[in-house]
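Q: the following comprises the amino acid sequence and a computationally predicted model.
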Amino acid sequence: MSTVVLIHGTGVRRPGFSALTGRVGAGLTALRDGLRIVPYYWGGTHGATLAAGGASLPAPGAARALTEAPAAADADDGTTAAWAALYADPYAELALAAARAAPGTERPPGFVPPEQHLQARLAALAARGDAPATELGPGLAHAATDLAAHPLLASAAEALDADGLAALAARSLVARVIADALDGDAPFIPVGDTRDAVADRLAEALGAPPRGTGRGLRSRLLRAAGSAASRAVVRRRRALTEAAHPAAGDVLRYLSRGAAFRADLHALVSGLEPPVTLIGHSLGGIIALDTLVGSELPQVRLLVTVGSQGPFLYESGSLPSLVHPEPLPAHVPDWLNLYDRRDLLGYLGAGLFPGRVTDVAVDNRQPFPAAHSAYWTNPEVYRLIAERLP
C-alpha cells in the first residue's frame, strides 16, 4: 500500500487541518486506489501562538489607510484583477452601479420597487443556509442577509435591469464569502472555475437566466480597484493583521527552532512501510525538504511541494539544511514542485537543482493571496500528483 504523508502550511490549525486532510484524501483516493493518508499536524505542537492574547496587535482604528493605488492588473487577466478588487470590497460593484442611477423620480401608486424582487430572493437564499454554495465554505446566509439590507441596493436596481442586478448580487455574495474566508483560518479557497460556477448558480437562483456572470465584471471593477483596496485596508486592518501573525510566527519559529519540526516528521515517516510520498504545502514543503536533505529516509520515494518557498530559501541562503551552491544530496527522492504563477509564495526549483526537480505550473484562477490556498480545490493538482505516486 502506498502512503501519502500530508504536511500543512503556515497558520493552519484544527479544525481546519482536519478539513484539509479530508479534502486532500478524497481528491487523491478518487484517482488512486489503496492509498493511505497520514497527516503530519505540526501546528498544534510547534506552531506559533500569541502568548499574551494578542497584546502586541494594534487596536481597531489605530492604523492609517494606505493611499497608494495597487499595481496595475495584467492586461491579459482582467477578470482575476476584478475579483481581487471584489475581495477587497465585496460591495464595490454595487457602489459603481448605484452611482450611475438617475436622480429619483416620482413612482406611481402600486409601483413595486425593483429591488424588492431581489430582496425576496435573497431572503429565500438566506433561509437555505450555506447549502446553495457549499464549495465556498460557510457564510452565504449571512452575506445574503446583509446584501438585502444594503442601503445602495435600491439605487443599483434603478441603474440595472433585473438580470444584471441578479448577476451583480451573485458576484457580491461570492466575493463576501471568500473575503471572509481569507480573513479567517480557512485551509483552502475554491479554485477560480468553482468560484465562477457558484456565481452562475447563485445568479440563476436570484432570477438571472443561465449565462456567465463574468460579463461586464472587468470594465466596471478595475476603475474602482485602487479606491476599494485603499478603503479595505482601513476597514479590515486588524483582521488582516491577526490573520497574518500565526503564519509569520510559524515561519519564524521554524527557522529558529526547526529541529523539533523535522525530528517529529522523521519519527513519523520512519515507522511507515514504503513506498511513502511526502506532500508539503507552503512551509510544509520546506519542512519536508529539510527533513529529507538532513537524513536518509529510504521509505520516501517521492517529494511533492505545493506553493512552497524551499527553492527561494535555498537560493537566498536561508534554508536550514542546505546552503547554495551545495548540491541536493543523492538520497533525496524525485521531487515534483507545483506552483501557480499568481501565487507569490510559490517558487521554482529546476534551475537550482538541474535534473532533480520537476516544476509544473497550475492555474488556480485566483488572485494572490487566494491563489496560495486554492491548490486543494483544483482537480489538476490531484491529477498531477496521482500520476507520479509510487
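A: Noted; the coordinates are in hand. Numbers count the residues shown, from 1 in each chain.
Q: which residues of the stretch 101-250 of the chain fall in helices?
A: Along the stretch 101-250 of the chain, the segments classed as helices by DSSP state H, counting those that start in this stretch run 114-127, 140-148, 153-159, 162-183, 192-205, 217-222, 225-270.
Q: as CSV, the ones you listed with mean neighbour count, distance to Gln299 and mean pLDDT would be great.
A: In this view, the C-beta of every residue, glycine as well, is placed from N, C-alpha and C. Formatted as CSV, the helices of the stretch 101-250 of the chain follow (neighbours: other Cβ atoms under 10 Å; distance: least, Cβ to Cβ, whole Å; pLDDT from 0 to 100):
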stretch, mean neighbour count, distance to Gln299, mean pLDDT
helix 114-127, 18, 50, 94
helix 140-148, 21, 43, 97
helix 153-159, 21, 59, 90
helix 162-183, 24, 36, 94
helix 192-205, 21, 35, 94
helix 217-222, 18, 49, 46
helix 225-270, 17, 6, 70
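Q: quick one: which of those helices is nearest Tyr375?
A: Within these, the stretch nearest Tyr375 is helix 192-205; the backing value is 12.0 Å (Cβ to Cβ).
Q: quick one on the thing from earlier: nearest to Tyr41, of the helices of the stretch 101-250 of the chain?
A: helix 225-270 (9.7 Å).
Q: on that earlier part again, wait, which of the helices of the stretch 101-250 of the chain is closest to Val381?
A: Of all these, helix 192-205 comes closest under Cβ to Cβ, at 12.5 Å.
Q: packing partners of the closest one?
A: Applying 3 or more Cβ pairs under 8 Å, 6 or more residues apart in numbering; DSSP states H and E, one finds that helix 192-205 makes contact with helix 78-88, helix 114-127, helix 162-183.
Q: what angle separates that helix from helix 140-148?
A: 60 degrees (axes from the mean of the first three to the mean of the last three Cα atoms, to 10 degrees).
Q: give the helix, strand or coil label for the residue nearest to Asp250 when sequence neighbours are not counted.
A: Leaving out its chain neighbours, the residue that sits closest to Asp250 by Cβ to Cβ, 6 or more residues apart in numbering is Thr10, at 4.2 Å. Following DSSP: H, G, I helix; E, B strand; the rest coil, Thr10 is assigned to coil.
Q: also Leu31?
A: coil.
Q: and for Leu6?
A: strand.
Q: ok, Asp363 next?
A: Classified using three-state DSSP, Asp363 is coil.
Q: for it, give me the pLDDT.
A: At Asp363, the model reports a pLDDT of 97.
Q: then the one 10 residues further on?
A: If you check Ser373, the pLDDT there is 94.
Q: wait, isn't it in contact with Ala186?
A: Yes - Ser373 lies in contact with Ala186 (Cβ atoms under 8 Å); the separation is 6.8 Å.
Q: quick one: residues contacting the closest residue to Asp334 other than its chain neighbours.
A: Distances taken as Cβ to Cβ, 6+ apart place Leu302 nearest to Asp334, at 5.3 Å, with adjacent residues excluded. Taking Cβ atoms under 8 Å, 6 or more residues apart in numbering, we find Leu302 in contact with 275, 277-278, 333-336, 388-390.
Q: among the residues you listed, which are in strands?
A: Among the contacts of Leu302, the members falling in strands (DSSP state E) are 277-278, 334-336.
Q: what is the nearest of those to Thr194?
A: When the ones in strands among the contacts of Leu302 are compared for distance to Thr194 (Cβ to Cβ), Leu336 wins out at 23.3 Å.
Q: the residue nearest to Asp334 pairs with what?
A: Thr277, Asp334 (DSSP bridges).
Q: still on that earlier bit, buried ones among the contacts of Leu302?
A: 275, 277-278, 333, 335-336, 389 (16 or more other Cβ atoms under 10 Å).
Q: that older thread, save the helices and strands packed on helix 192-205 as JSON lines, and put in distance to Leu292 too.
A: Output for the helices and strands packed on helix 192-205, formatted as JSON lines (distance: least, Cβ to Cβ, whole Å):
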{"stretch": "helix 78-88", "distance to Leu292": "34"}
{"stretch": "helix 114-127", "distance to Leu292": "48"}
{"stretch": "helix 162-183", "distance to Leu292": "31"}
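Q: and those helices: which comes nearest Thr291?
A: helix 162-183 (29.7 Å).
Q: show me what the closest one is packed against.
A: helix 78-88, helix 92-99, helix 114-127, helix 140-148, helix 153-159, helix 192-205, helix 225-270, helix 370-373.
Q: could I have the fifth one exported to CSV, CA atoms only?
A: Right, the one you point to is helix 153-159. C-alpha atoms of helix 153-159 as CSV (Å, rounded to 0.1, in the frame of the first residue of the first chain):
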residue,chain,number,x,y,z
LEU,A,153,-29.3,48.2,-3.4
ALA,A,154,-32.3,50.5,-4.4
SER,A,155,-30.1,52.9,-6.4
ALA,A,156,-28.3,50.0,-8.1
ALA,A,157,-31.7,48.5,-9.0
GLU,A,158,-32.6,51.7,-10.8
ALA,A,159,-29.4,51.6,-12.9
